[in-house]
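no sequence on this one, just coordinates:
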Ligand SMILES: Nc1ncnc2c1ncn2[C@@H]1O[C@H](COP(=O)(O)OP(=O)(O)O)[C@@H](O)[C@H]1O
Ligand code: SF4
Ligand SMILES: [Mg+2]
């Protein structure tokens, strides 16, 4: 089976999953108590769609999801638009289309996510290798103790702590907002600590396992310098499975991080998603949910492809061979 | 120390932790261009002996005594930096399973050339040529093409040959083969042994580690029999086979099949080798020995000369002779 066929099959599965996610999300939304109009009434006395929308947007909302439109028809209307990347206007932000909100907020979350995972890897790989090479020494135990602490600390707490330290006390960094590169530092630091801990543990155990492999001993028996053997034979192979951990971590962060974004006033996807859920903003919820599902599945596909690229055993056996060996 | 010896191991002791002595006073010589068999059941300390000499023991192991002379240097004393220059260049090693001893994610080319480069023996292009030639020498067809593949893409027999090519590409003086035929089927076993025999005939010293005297007899000149971390008998191969003296050797011979021969009725030695952390006192073989006489066998047995180039660690052997 060629690579193209493999990817084709994965894409078909991806589309089917997206349809399933859309039906599930939509049904759950219908079943959930309360709706947008009720919630707005309770909170502000308004009875209609949209806080501050233009006339035409509010009008469009009425024809799409008005009280007289049957539920199944609402779903079909939404999905018809979704197929061509048009999720229609949001309830809560009635002047804006959902896809525009995503287009604006996703790059923010994605930037944070990429930088955070990158930083996490930069911390985790050396720490994990260092601990593995000194297995069961005091350094190893000490390092792993700190790592466990880092893992146990939720990102919003580390964010809060860092705001207190770096902005309130030392006055080195802005305490939130989204205006320049300086605003990246706190959220990226806060978001990377947990993943760094997870990845460091993973690198350590993976490295320990690989160091016990006979081929590492065999490479030393060939006269390999310690460093070369560790990097070429042990580290390389122990990092391959890391892709399967780093990928989902990245996807999870890319879809937004509610607490950190809220705490640091960052206009990322997580913030919008939380607001949409709280106000039963159906189009925004559906749009973001589908988008999250898409991100997760694309990441998984990317992880599999990268794994195939890195590990020749998977590249050439197991029914997905593409080079005919 | 024997003048013509390529490798002379003297009184080697290797321990794990504080109470487990895996190798306990082992001595032997390998002569230039000859093959020595180190024979013994699984767990008798054969691998630990050779890994001590190569300096590739696990971290938990300690060499607590002995010498290993090779080319006038004591490998156990020269330090890792000097030892590294010898490993893989003058002494090469072949392992039980190429599947495990070759890196699954590196091509044969990478694995057959990297140590040529490490040892500064030639440049990359020349290394590739030598690797292709080495693959051809061990009988791998179309080596130019095969060198670009990964180990798992070869059949078991091919893979085992590729590992031998990897060891031989630097043209070492001594090859240590640790159970190279244990993980392969009988036809491949024969091919591997022929290959090693060919190397010996062209002047490479070979140490053949095996639990099977049937494998050892195929081309080895001398034999060392190990039990529970000690040498129990040492003899030229032919004399050992004709006239095994130590009761353990007799037992081993009864449980071995000649390579390529028909399956005979095997009489394995009853019982199993001792747990080395609870070594039986005196002769460690006494709980299983059909000729044991207590309490004399519960005293330490010295290695005694019992004939030309022969010794054994059993008081009964000398009494009978
Ligand atoms: N990694 C290890 N940790 C602890 N003990 C070991 C280890 N490797 C070997 N040993 C001990 O050394 C003994 C001899 O092992 P080995 O040399 O591998 O035997 P073999 O003759 O089968 O090659 C084993 O029975 C075991 O008690
Ligand atoms: S010393 Fe005793 S127990 Fe050991 S081999 Fe000889 S006869 Fe058997
Ligand atoms: Mg062994």
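Thanks, I have it. Here the structure is a predicted model, which is why all the values come from computation and not from measurement. Ligands and ions are numbered 1, 2, ... in the order given.

right, and residue B:227 touches residue B:274 too?
No - with contacts defined as C-beta atoms under 8 Å, residue B:227 does not count as touching residue B:274, sitting 9.1 Å away. Where you see a C-beta, it was placed from the backbone N, CA and C, and this is true even at glycine.

Now do the shared contacts for those two.
Common contact partners of residue B:227 and residue B:274 (C-beta atoms under 8 Å, 6 or more residues apart in numbering or on different chains): residue B:284.

Tell me how many other residues crowd residue 183.
Went with chain A since none was named. 18 (other C-beta atoms under 10 Å in any protein chain shown).

other chain: chain B
Neighbours around residue B:183, by other C-beta under 10 Å: 17.

Spatially, and excluding backbone neighbours, which residue is closest to it.
residue B:97 (4.4 Å; C-beta to C-beta, 6 or more residues apart in numbering or on different chains).

repeat for residue A:190
Per C-beta to C-beta, 6+ apart, closest to residue A:190 is residue A:159, 3.7 Å.

before we move on, what about residue A:264?
Per C-beta to C-beta, 6+ apart, closest to residue A:264 is residue A:176, 4.1 Å.

check contacts around the one you found.
A:163, A:183, A:186, A:263, A:264, A:265, A:266.

Mind jotting down where the strands sit in the stretch 151-300 of chain B?
Using DSSP state E, counting those that start in this stretch, the strands of the stretch 151-300 of chain B run over B:174-178, B:205-210, B:222-227, B:230-236.

Does anything pack onto the last one? Which helices or strands?
Counting contacts by 3 or more C-beta pairs under 8 Å, 6 or more residues apart in numbering or on different chains; DSSP states H and E, the secondary-structure elements packed against strand B:230-236 are strand B:20-31, strand B:222-227, helix B:247-254, strand B:310-312.

Quickly note the distance from the residue nearest to residue B:59 when sequence neighbours are not counted to residue A:129.
Spatially, and ignoring its direct neighbours in sequence, residue B:59 is nearest to residue A:135 (7.9 Å; C-beta to C-beta, 6+ apart). Distance, residue A:135 to residue A:129, using C-beta to C-beta, to the nearest Å: 11 Å.

The two: who's more crowded?
More neighbours surround residue A:129 than the other of residue A:135 and residue A:129, with 22 against 14 (other C-beta under 10 Å).

Test my guess that that one contacts residue A:239.
No - the criterion here is C-beta under 8 Å, and residue A:129 misses it with residue A:239 at 9.4 Å.

okay, now the closest residue to residue A:266 other than its chain neighbours: neighbour count?
By the measure of C-beta to C-beta, 6+ apart, the closest residue to residue A:266 outside its immediate chain neighbours is residue A:178, 5.2 Å from it. By the criterion of other C-beta under 10 Å, residue A:178 has 16 neighbours.

Can you say which helix or strand has residue A:178 in it?
For residue A:178, there is no helix or strand it lies in under DSSP states H and E.

cool, residue B:305 as well?
strand B:304-307.

any idea how far the residue nearest to residue A:190 is from ligand 1?
46 Å (C-beta to the nearest ligand atom, to the nearest Å).

mind checking the backbone torsions on that residue?
phi -60, psi -50 (degrees, to the nearest 10).

Quick check, pLDDT for it.
Looking at residue A:159, its pLDDT stands at 85.

ditto for residue A:42
Value for residue A:42, per-residue pLDDT: 67.

could you pull out the helices for the stretch 201-325 of chain A?
For the stretch 201-325 of chain A, the helices defined by DSSP state H, counting those that start in this stretch occupy A:214-221, A:226-228, A:236-239, A:243-254, A:258-263, A:269-278, A:282-310, A:312-316.

Burial-wise, tell me which of those comes out on top.
With neighbours defined as mean count of other C-beta atoms under 10 Å in any protein chain shown, the helices of the stretch 201-325 of chain A peak in mean count at helix A:214-221, which reaches a mean of 23.

That helix vs strand B:174-178, what angle?
Put simply, helix A:214-221 runs at 160 degrees to strand B:174-178, going by axes from the mean of the first three to the mean of the last three C-alpha atoms, to 10 degrees.

who in the stretch 1-150 of chain A is up against chain B?
residue A:135 (C-beta under 8 Å from any C-beta of the partner chain).

tell me the phi and psi of residue B:212?
Per degrees, to the nearest 10, the backbone of residue B:212 is at phi -120, psi 110.

wait, what's in contact with residue B:253?
Taking C-beta under 8 Å, 6+ apart as the test, what residue B:253 contacts is B:213, B:241, B:244.

nearest to residue B:256, of those residues?
Taking C-beta to C-beta as the measure, residue B:256 sits nearest to residue B:213 out of the contacts of residue B:253, at 4.0 Å.

Just give me the neighbour total for residue A:68.
So residue A:68, with other C-beta under 10 Å, has 7 neighbours.

Need the three-state assignment for it.
coil (DSSP: H, G, I helix; E, B strand; the rest coil).

Over to the one 5 residues further on?
Applying three-state DSSP to residue A:73 yields a three-state assignment of helix.

for stretch A:122-133, the distance to its chain's centre please.
23 Å (C-alpha atoms, centre = their mean, to the nearest Å).

who's in contact with residue 63?
Reading this off chain A. residue A:69.

Switch to chain B, please.
Per C-beta under 8 Å, 6+ apart, neighbours of residue B:63: B:12, B:13, B:14, B:52, B:57, B:76.
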